[in-house]
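Undergrad: Quick one: sequence and predicted model below, then my questions.
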Amino acid sequence: MIELKRVQAGYRRHLVLKGIDLTFRPGEVLVLLGPNGSGKSTLLRTALGLLPCSGGQVLYDGTPLSALSPRQVAQQVAFLSQSRSVPNITARRMVLHGRFPHLSYPRHYRPEDYQVVEQALARMDAADLADRPVTELSGGQRQKVYLAMAVAQQTPTILMDEPTTFLDIAHQLGVMELARQLAREGKAVVMVLHDLSLALSTADRLAVLADGRMVRTGTPEEIYQSKILEEVFGIRQGRTRTEEGWQYFCTLPRLL
Amino acid sequence: MNSWRTSCIRMREHPGTVAALLTMLTVVLALLSLCLGAVEISPVEAVTALLNKDAGSVAARVVLYSRLPRTCGSLLAGAALAVSGVIIQTVLANPLAAPHIIGVNAGAGLAVTICCAVAPVTALQPLAAFGGAMAGVLLVLLFAETTGASRITLVLAGVAISSIFSALIDAVTTVFPDALLGYADFRMGGLAGVTMAKLAPAALLIGISLVVVFSLTGLLDVLALGPEMAQSLGLSVRPTRLFFLTLAAALAGSAVSFCGLVGFVGLLVPHAVRSVVGEESRPLILCSALGGACLMTLCDLLARMVAAPFELPVGTILSVVGGPFFLWLLIRQRGGRTHD
């Protein structure tokens, strides 16, 4: 379990996170919400050690992040970054990199690594892309490959920064279903999303950030009832009951 | 164009075939390098001289004392500079970077010049060159990390660093005119003066570096994904980058120590090989080493034959080929835009 305690972090002299307390719980889909620049991606990068804390601390099962090597961290957390490189290698090779944290010297992939990769590709419905160069895939296909790579890393926690980018609505729902499945397997899934409707209808818990501070955390129902999203985003929220449960929507204030 | 792309994609699935073809080409070019020149020697005579090591005949003496060191030099320098180029481009995530462009070769050249002026011991030259190349690498790395420079800016910084090192080479050779005999050959890059004694220490350093690089291609693959993704996969990015740049400096510096400031091998070969075998490091490194050896040997052959009986420095031929390629690469990188 990963815990952030009064975490402060930022870039050079610009402090972005201002005392964040948050826990990534196993078996739960946690969605981070907030306007652009509120510190969602910075929070993920700090939790992973890509950005150093200037205050507070990040604990991995009680151990300070600073006491862990990058390899130990990578065995605990998989990260789907917002900006992803597009190397001229096959999708299978790309997904295989997800096994890197589990290799010891001389870092040669083992038969079981290839097996995990095939399973991850199949799970992401990307088995047919395995032999194609990543450079030749569409944005949505690439996204599937990156997700397969995160799945192949087989970590107890998965951090995803805007995983539904480039995906059509069917695949967006597919990603959210994958997140639910991973959570049911006992993993902690933490996602940054911009789609409030998708977040409210899928997450187990929401964390709302504004200006680098944690404004509120709670279940989708608690967040909806608190109207904190209206305050933070400057929108009006609404919902209708359907056979599948609540469907959420947002509009600009003057339109409702 | 499409058929070329299709062929490349097919070849990518069979990197072993590409490596085998390049190996055969390397052997053929090496044999030609032993046979062709001012004195023409038949392949049978050349092979006999190599096997018997009997320097009785004129042909055997030419092969053993002139052509063999030169051929070994071209093969080693080509392989070393090409692999150095692959590493530098991967670590700096900059396809425009190459040892001669970012000041690595010039740094090595300066160190060799100082070594020749102060302590003219042949065995020390590769080590001095390694030190000079490392200074060039560290300057560029420092510049890239502190400024977050764009690709083009990094190349311009490299050109500036190269100019400073070149000016210092001129200053040293002015103060110590006897420091570099065959100064023009050194500045242009040439293999005419290569001897086995000069080659041996550099060959040792190149051999060790190539083995280490080849055994750690898995790390280079992950590094190629970018620093953030590499670290999230458990790689200690900064030490790994520095380690590979050290190997790149050892390779380029060793080559410069015996063949001078040869340019463009580290730029041309990685790009050509990448378009055929893709970016997976293991086949890329192997095929680049073979491709670099082929290119250097071919250019050395041309240097001997184009203006016979005169001999051009091999660097001249490489610049004629590599210059336009670099311009094409710049245009392609900028895509017609004015900003990177």
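TA: Now that the structure is in, tell me what you want to look at. Numbering: from 1, shown residues only, chains lettered A, B, ... in the order given.
Undergrad: For residue B:159, give me the backbone phi and psi.
TA: For residue B:159, the backbone dihedrals (degrees, to the nearest 10) come out as phi -60, psi -40.
Undergrad: what about it, distance to chain A?
TA: Separation of residue B:159 from chain A (C-beta to the nearest C-beta, to the nearest Å): 26 Å. Backbone N, C-alpha and C define where each C-beta goes, glycine included.
Undergrad: same thing with residue B:108?
TA: In terms of C-beta to the nearest C-beta, residue B:108 sits 29 Å off from chain A.
Undergrad: Could you do residue B:312 as well?
TA: For residue B:312, the distance to chain A - C-beta to the nearest C-beta - is 35 Å.
Undergrad: For the nearest residue to residue B:116 once chain neighbours are set aside, list the residues it contacts.
TA: Nearest non-adjacent residue to residue B:116, counting by C-beta to C-beta, 6 or more residues apart in numbering or on different chains: residue B:179, 4.4 Å away. The neighbourhood of residue B:179, defined by C-beta atoms under 8 Å, 6 or more residues apart in numbering or on different chains, consists of B:113, B:116, B:117, B:120, B:172, B:173.
Undergrad: Give me the neighbour count for residue 49.
TA: With no chain named, the answer covers chain A. Residue A:49: 20 surrounding residues under other C-beta atoms under 10 Å in any protein chain shown.
Undergrad: let's do chain B instead
TA: Other residues near residue B:49 come to 23 when the count uses other C-beta under 10 Å.
Undergrad: So which other helices or strands are in contact with the helix or strand harbouring it?
TA: Residue B:49 belongs to helix B:43-52 when assigned by DSSP states H and E. The contact analysis (3 or more C-beta pairs under 8 Å, 6 or more residues apart in numbering or on different chains; DSSP states H and E) places helix B:43-52 against helix B:15-35, helix B:58-61.
Undergrad: Same list, the ones you listed, but as JSON lines with mean neighbour count please.
TA: Output for those, formatted as JSON lines (neighbours: other C-beta atoms under 10 Å in any protein chain shown):
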{"stretch": "helix B:15-35", "mean neighbour count": "17"}
{"stretch": "helix B:58-61", "mean neighbour count": "16"}
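Undergrad: what sits against the residue in the stretch 51-200 of chain B that chain A sits nearest to?
TA: The stretch 51-200 of chain B approaches chain A most closely through residue B:93 (8.1 Å), counting by C-beta to the nearest C-beta. Taking C-beta under 8 Å, 6+ apart, we find residue B:93 in contact with B:224, B:226.
Undergrad: Give me the phi and psi for it.
TA: Backbone torsions of residue B:93, given as degrees, to the nearest 10, read phi 50, psi 50.
Undergrad: just residue A:79 next, same as before
TA: According to degrees, to the nearest 10, residue A:79 has phi -130, psi 120.
Undergrad: so what's it bridging to?
TA: With DSSP bridges as the criterion, residue A:79 is bridged to residue A:159.
Undergrad: what number of residues lie near it?
TA: Number of residues near residue A:79 (other C-beta under 10 Å) recorded here: 25.
Undergrad: So which residues on the stretch 151-256 of chain A come close to chain B?
TA: Proximity of the stretch 151-256 of chain A to chain B, by C-beta under 8 Å from any C-beta of the partner chain, involves residues residue A:153.
Undergrad: mind listing the helices for the stretch 151-256 of chain A?
TA: Using DSSP state H, counting those that start in this stretch, the helices of the stretch 151-256 of chain A run over A:169-184, A:196-202, A:220-226, A:228-233.
Undergrad: Give me the buried stretch members for the first one, please.
TA: This means helix A:169-184. A:171, A:172, A:174, A:175, A:176, A:178, A:179, A:182, A:183 (16 or more other C-beta atoms under 10 Å in any protein chain shown).
Undergrad: Let's see the pLDDT reported for the second one.
TA: Reported pLDDT at residue A:172 in the predicted model: 87.
Undergrad: and the residue lying closest to it once chain neighbours are set aside, how many neighbours?
TA: Nearest non-adjacent residue to residue A:172, counting by C-beta to C-beta, 6+ apart: residue A:164, 4.3 Å away. For residue A:164, the neighbour count with other C-beta under 10 Å is 22.
Undergrad: My guess is residue A:164 contacts residue A:197. True?
TA: No: between residue A:164 and residue A:197 there is no contact, the gap being 11.6 Å when judged by C-beta atoms under 8 Å.
Undergrad: contacting residues around residue 226?
TA: No chain specified, so I'll use chain A. A:216, A:218.
Undergrad: nope, chain B
TA: Contacts for residue B:226 (C-beta under 8 Å, 6+ apart) come out as A:83, A:85, B:93.
Undergrad: any idea how far the second one is from residue B:247?
TA: Taking C-beta to C-beta, to the nearest Å as the criterion, residue A:85 is separated from residue B:247 by 22 Å.
Undergrad: Compare those two (neighbour count), which wins?
TA: residue B:247 (20 against 16).
Undergrad: Find the closest residue to chain B in the stretch 51-200 of chain A.
TA: Here the residue of the stretch 51-200 of chain A nearest chain B is residue A:74; by C-beta to the nearest C-beta that distance is 3.1 Å.
Undergrad: Now the residue in the stretch 201-340 of chain B that chain A sits nearest to: which helix or strand?
TA: In the stretch 201-340 of chain B, no residue comes nearer to chain A than residue B:234, which is 3.1 Å away by C-beta to the nearest C-beta. Per DSSP H and E, residue B:234 falls between elements, in no helix or strand.
Undergrad: contacting residues for the spatially closest residue to residue B:158 that is not a sequence neighbour?
TA: In space, and not counting its chain neighbours, residue B:158 is closest to residue B:102: 3.3 Å by C-beta to C-beta, 6+ apart. Contact analysis of residue B:102 by C-beta under 8 Å, 6+ apart lists B:88, B:92, B:136, B:137, B:140, B:154, B:155, B:157, B:158, B:161, B:162.
Undergrad: quick revisit: out of the helices of the stretch 151-256 of chain A, the one nearest residue B:146 is which?
TA: Nearest to residue B:146 among these is helix A:228-233 (36.5 Å), distances taken as C-beta to C-beta.
Undergrad: Give me the contact list for that closest one.
TA: Counting by C-beta under 8 Å, 6+ apart, residues outside helix A:228-233 touching it are A:33-35, A:38, A:196, A:208, A:210, A:215-216, A:223, A:235-237, A:250.
Undergrad: quick one: average pLDDT of that helix?
TA: The model assigns helix A:228-233 a mean pLDDT of 88.
Undergrad: Alpha carbons only: can I get it in CSV?
TA: Provided in CSV are the C-alpha atoms of helix A:228-233 (Å, rounded to 0.1, in the frame of the first residue of the first chain):
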residue,chain,number,x,y,z
ILE,A,228,-17.3,20.2,-5.0
LEU,A,229,-16.9,19.5,-8.7
GLU,A,230,-19.1,22.4,-9.5
GLU,A,231,-17.0,24.6,-7.4
VAL,A,232,-13.6,23.4,-8.6
PHE,A,233,-14.4,23.2,-12.4
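Undergrad: what sits against the closest residue in space to residue B:63 that isn't next to it in sequence?
TA: Sequence neighbours aside, residue B:49 is the residue nearest to residue B:63 in space, at 4.1 Å (criterion: C-beta to C-beta, 6+ apart). The contact partners of residue B:49, by C-beta under 8 Å, 6+ apart, come to B:55, B:57, B:59, B:60, B:63, B:64.
Undergrad: ok, now residue B:218?
TA: A:100, A:103, A:106, A:107, A:108, A:109, B:281.
Undergrad: which secondary structure element contains it?
TA: Using DSSP H and E, residue B:218 falls in helix B:217-223.
Undergrad: cool, residue A:122 as well?
TA: Assigned by DSSP H and E, residue A:122 belongs to helix A:111-123.
Undergrad: Quick check: buried residues in that helix?
TA: Buried residues in helix A:111-123 (16+ other C-beta under 10 Å): A:113, A:116, A:117, A:119, A:120, A:121, A:123.
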